[in-house]
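Colleague: how does the following fold in three dimensions:
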Amino acid sequence: MDTLTNNAGPDNFSEEAPYTSVYTSPLLKIPAHFFSVIFHPIFLPLYVMYFIVFVHPGYMAGFSDADKRQVLLIIMLNAVLFPLFTVLLLRALKFIDSFYLKTRRDRIIPYIACGIFFFWSYIVFKQQTQYPTIIPAFMLGVFLSSSLALLANIYFKISMHAIGAGGLIGIFFIIMRSNSMLMTWPLCLALLIAGIVCTSRLIVSNHTQREIYLGLAGGIVCQFAAALVVL
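Modeller: From the prediction side, this is the model:
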């Protein structure tokens, strides 16, 4: 596998570590970019919530279709649209250099803003006790993941994609432990997605293997920690 490796550590937020890339075929970069967008961490909470609401046979069994759509709408607003709007606004006001958040400095404010939105989603579902506890547990895990990314960003540019992929694996393991659904195919799918995403980031980004692996492990740990608190 072609990887990107750092030659030296950055001294501050404004200078990223230089890296040397091994030649990768453009035919590999095209699907790598595609999967990086489709499975961007900003979209993963919506995918997971769709699984919990519409695919899992037990969690939302007694709810109407309108109630299920309302859950997805809350996640779409707080976990997808608001963070995207924040990044667009920051770019328009020139607080960040790139919409793609390529530097650690660019990631500071979006991490803080996303953490606020994620925590608000957790509070909303935690206060509405009619919802299954797996929903606030998952959103707390997402908040912890964004907090971990913010803290790690002080020292190195941890992979957001890998954190999201780790969270996907973590929440599916938690659902599997509840014995509420046969999770063979969902967990296998989550592992496949995580492998594709992490490989894609090694191909088309300047992340090192260390940044990928730590992000993946961090996402899993954050979901387990949230489950211990809420479930």
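Colleague: what residues sit buried inside the host helix or strand of residue 199?
Modeller: Using DSSP states H and E, residue 199 falls within helix 184-204. Within helix 184-204, the residues scored as buried using 16 or more other CB atoms under 10 Å are 186-187, 190, 193-194, 196-204. C-beta: built from backbone N, CA, C; applies to glycine.
Colleague: give me the contacts around that helix.
Modeller: The contact list for helix 184-204 (CB atoms under 8 Å, 6 or more residues apart in numbering) reads 1-4, 24, 28-29, 31-33, 35-36, 39, 51, 55, 159, 161-162, 164-166, 168-169, 172-173, 175-176, 207, 209, 212, 216.
Colleague: make a ChimeraX selection of the buried ones in those.
Modeller: The ChimeraX selection below is limited to those of the contacts of helix 184-204 classed as buried (16+ other CB under 10 Å):
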select :3,4,24,32,35,36,39,51,159,161,162,164,165,166,168,169,172,173,175,207,212,216
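Colleague: just the ones of the contacts of helix 184-204 in helices?
Modeller: 28-29, 31-33, 35-36, 161-162, 164-166, 168-169, 172-173, 175-176, 209, 212, 216 (DSSP state H).
Colleague: would you mark the buried spots in stretch 117-137?
Modeller: 117-122, 124-126, 131-132, 134-137.
Colleague: so which of those residues are in helices?
Modeller: 117-122, 124-126, 134-137.
Colleague: same list (those) but as JSON lines, adding pLDDT and distance to residue 98.
Modeller: Shown next, in JSON lines, are these (pLDDT from 0 to 100; distance: CB to CB, whole Å):
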{"residue": "117", "pLDDT": "96", "distance to residue 98": "21"}
{"residue": "118", "pLDDT": "97", "distance to residue 98": "22"}
{"residue": "119", "pLDDT": "97", "distance to residue 98": "26"}
{"residue": "120", "pLDDT": "95", "distance to residue 98": "26"}
{"residue": "121", "pLDDT": "95", "distance to residue 98": "26"}
{"residue": "122", "pLDDT": "96", "distance to residue 98": "29"}
{"residue": "124", "pLDDT": "94", "distance to residue 98": "31"}
{"residue": "125", "pLDDT": "95", "distance to residue 98": "33"}
{"residue": "126", "pLDDT": "94", "distance to residue 98": "35"}
{"residue": "134", "pLDDT": "96", "distance to residue 98": "36"}
{"residue": "135", "pLDDT": "96", "distance to residue 98": "33"}
{"residue": "136", "pLDDT": "96", "distance to residue 98": "33"}
{"residue": "137", "pLDDT": "97", "distance to residue 98": "34"}
